[in-house]
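K.L.:
structure of the sequence below:
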Amino acid sequence: MSAGTWKFKDLKFPRPNLDVFTNLYKDAIERVEFAQHGDDVIEILLEVDELSRKITDLLSSTMIRHSMDTTDERYAEDQRWFEENQPAFVKAILDFNDAVYNCPFRDYIEERVGPMYFARTDVKKKTFCEENLPLQQRESELLGEYDALIASCQKEVDGELRSFPALQDLFSHEDRAVRKAAFKAFSEFLHENEEQLEKIWDELLTIRTEMGKNLGFDGFIPLAYMERLRLTYGQEEVAKFRQQVVDEIVPLCSKIYEYQAKALGLDEIMAYDEKILFADGNVKPLGDMEYMFNETIKMLREMTPETDEFITFMLDHELIDYEPRPNKALREYATILPARKAPFVFYHFDGSPAALKNLHEGLGYAFAGYKSSRRQHLEEYYASCSEIMEVHAMSMVFFANKYADRFFGEDASKYVFSILHNYVTFIPFSVAVDEFQHICYGNLDMTPKERTQVWRDLEKKYMPWRKYDEDDEFMERGGYWYHKPHFFFHPFFYIEYSLSTINAMEMYQKYEERPGTAWKEYLELTDLGGSKNYLETLKLSHLTPAFEDGAVANSVKYVKTILDDYMS
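P.N.:
Okay, here's the model as predicted:
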């Protein structure tokens, strides 16, 4: 199959021979130890990087194919095999990285390949120990218990049994009685399972803290920061950012919800009203799913030569799986096959405005991977930290606002308002999540009920508009947070969404005022990949760290103008 004609569905990915793989790494380690010059080590490093790309292709393709059809036992078995053998792959790679890390030519290698290679190696060394492997296994089991518990939801609303995601979908229903009933069922389900949720969270706090201590940290928080590659900022900077959100974003959100209440003819917005923006219902697209997807393709073809090249590559190789179908995993993600420099976008696109936003985000991720993989020489550098990757994704959504009339006709301004509403009102929630996690992991002696009360107090601080029905005792004492899987699966990740949103809004203003300059800076951002640390990447892309004094006020200024104009 030639390089220009291959399609993902036709690619063959046999399982690697684990013994051959580990022996290749052992041989590479021995060659590093006997190397006579730094160039010899770099040559070995590039050979190993090529091998690593092929292994990552296998892992990524297995995950993708299992996601495509969760009932296909071939791919399920492949997925299980990789999960069982992943520690061996990881150890072989870590051992090689360690050999390069300790070789006598380190300064020369760092000068040639950049300091982030060793910075990432250092993180891997400091966040791995075999003592934590059984704890990680138990962590995985607990997360499986949470998944299974949430998946067990079957609540009747509006004459139908609803899953947990289906209940949340009804929060956007035009009929307020349906929204209220869905929220009540949502609350009841969590309340009925509160004891089990408490146990899962309590044990996660305990074992993650133990993981941190096993690695020499005083708890889990510093380990989490290191695992998230936070090499250039820490808890103090995050706290400063949260305060800026209180000062700048919370008042704007309060104004938005006051407008929303008037638009809906309500005295006040309740928790189950927050997602319905207009009296005549949320914005409706001009066409069906196929229409919306085809318009997205046209948009990317016309936006810039670079996006045209990118979408042509994605379509030629069939690297976008967007259609809903039975047995397709509920996950959404963008990943990459690094050996082929081929991003893959896996989404559930039903043609709704929310799904359109998610699809454009996924294509933003994929575009970044497409660009960086053609610029960077190491797989390690194909992706940056998530604070930067989210800027790629959200910026693409903002860039697409210029084309909103293609998707929504006369309601284009309603869609833009909806997009900005979504991003701006999300920020207070995400920083509340972050502060909640800092409190929980920093105070292990708290009882489960004390933790939920902390969440309710944080809602009042960051989301003062959040109101529950008087008879919803569970939500009123802080039960809302249990529904969000990020608390359980991705500790300390959520704040990165908000840091990214601030930079994406900064990029949006530049794009509206100086589109040529902004696009050039966006390309610089994507080309850098993960070759620089977070602050260096922002600086080279002419973006401002969100925790700098005044950064939030400056970045939100343009978006605030658009929102104010719409609400006036």
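K.L.:
going by C-alpha atoms from here, please, whenever you check contacts or count neighbours.
P.N.:
OK.
K.L.:
buried residues, the strand or helix carrying Thr312. List them.
P.N.:
Assigned by DSSP states H and E, Thr312 belongs to helix 305-316. Buried residues in helix 305-316, counting neighbours by 16 or more other C-alpha atoms under 10 Å, are found at 307-308, 310-311, 313-314.
K.L.:
just send the residues you listed back as a markdown table, with pLDDT and distance to Glu33 too.
P.N.:
Shown next, in a markdown table, are the buried residues of helix 305-316 (pLDDT from 0 to 100; distance: C-alpha to C-alpha, whole Å):
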| residue | pLDDT | distance to Glu33 |
| --- | --- | --- |
| Thr307 | 98 | 44 |
| Asp308 | 98 | 46 |
| Phe310 | 98 | 41 |
| Ile311 | 98 | 44 |
| Phe313 | 97 | 41 |
| Met314 | 97 | 41 |
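K.L.:
contact partners for the closest residue to Lys357 other than its chain neighbours?
P.N.:
Spatial nearest neighbour of Lys357, chain neighbours left out: Val397 (6.3 Å); criterion: C-alpha to C-alpha, 6 or more residues apart in numbering. Applying C-alpha atoms under 8 Å, 6 or more residues apart in numbering, we find Val397 in contact with 357, 360-361, 364.
K.L.:
so for stretch 438-448, mean pLDDT?
P.N.:
Average pLDDT, stretch 438-448: 97.
K.L.:
how near is the residue nearest to Tyr480 when sequence neighbours are not counted to Phe346?
P.N.:
The shortest distance from Tyr480 to any non-neighbouring residue, by C-alpha to C-alpha, 6+ apart, is to Ser187 (7.6 Å). From Ser187 across to Phe346, the span is 30 Å (C-alpha to C-alpha, to the nearest Å).
K.L.:
which one of the two has more residues nearby?
P.N.:
Phe346 (24 against 19; other C-alpha atoms under 10 Å).
K.L.:
coming back round to it: between the contacts of Val397, which is closest to Phe487?
P.N.:
Glu361 (21.7 Å; C-alpha to C-alpha).
K.L.:
who touches the helix or strand containing the closest one?
P.N.:
Secondary structure from DSSP H and E places Glu361 in helix 353-375. For helix 353-375, contacts defined as C-alpha under 8 Å, 6+ apart pick out 283-285, 292, 307, 310, 333-336, 338, 341-349, 379, 381-383, 389-390, 392-397, 400, 415, 419, 523, 526-529.
K.L.:
before we move on, what about stretch 45-61?
P.N.:
By C-alpha under 8 Å, 6+ apart, stretch 45-61 touches 13-16, 25, 28, 82, 335-339, 378-379.
K.L.:
what are the C-alpha coordinates of that stretch, in CSV please?
P.N.:
What follows is stretch 45-61, C-alpha atoms only, in CSV (Å, rounded to 0.1, in the frame of the first residue of the first chain):
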residue,chain,number,x,y,z
LEU,A,45,17.8,8.1,20.1
LEU,A,46,16.3,8.7,16.6
GLU,A,47,16.2,5.0,15.9
VAL,A,48,14.5,4.3,19.2
ASP,A,49,12.1,7.1,18.5
GLU,A,50,11.1,5.5,15.2
LEU,A,51,10.5,2.2,17.0
SER,A,52,8.4,4.0,19.7
ARG,A,53,6.3,5.6,17.0
LYS,A,54,5.4,2.2,15.6
ILE,A,55,4.5,0.9,19.0
THR,A,56,2.3,4.0,19.6
ASP,A,57,0.6,3.4,16.2
LEU,A,58,-0.3,-0.1,17.5
LEU,A,59,-1.6,1.3,20.8
SER,A,60,-3.6,4.1,19.2
SER,A,61,-5.0,2.0,16.4
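K.L.:
ok but Glu195 is inside a helix, no?
P.N.:
Yes - counting by DSSP: H, G, I helix; E, B strand; the rest coil, Glu195 is found in a helix.
K.L.:
kindly state the pLDDT recorded for it?
P.N.:
97.
K.L.:
quick one, what contacts it?
P.N.:
Contacts of Glu195 by C-alpha under 8 Å, 6+ apart: none found.
K.L.:
at 10 Å what do you get?
P.N.:
Residues counted as contacts of Glu195 (C-alpha atoms under 10 Å, 6 or more residues apart in numbering) are Pro448.
K.L.:
same thing with Leu337?
P.N.:
Counted by C-alpha under 10 Å, 6+ apart, Leu337 has contacts 8, 53-61, 343-344, 369, 373.
K.L.:
tell me the angle of the helix holding Thr312 relative to helix 353-375?
P.N.:
Angle, helix 305-316 to helix 353-375, by axes from the mean of the first three to the mean of the last three C-alpha atoms, to 10 degrees: 100 degrees.
K.L.:
who does the very next helix or strand once past helix 305-316 touch, helix- and strand-wise?
P.N.:
Toward the C-terminal end, the helix or strand that comes next after helix 305-316 (DSSP H and E) is strand 320-321. Counting contacts by 3 or more C-alpha pairs under 10 Å, 6 or more residues apart in numbering; DSSP states H and E, strand 320-321 packs against strand 342-346, helix 353-375.
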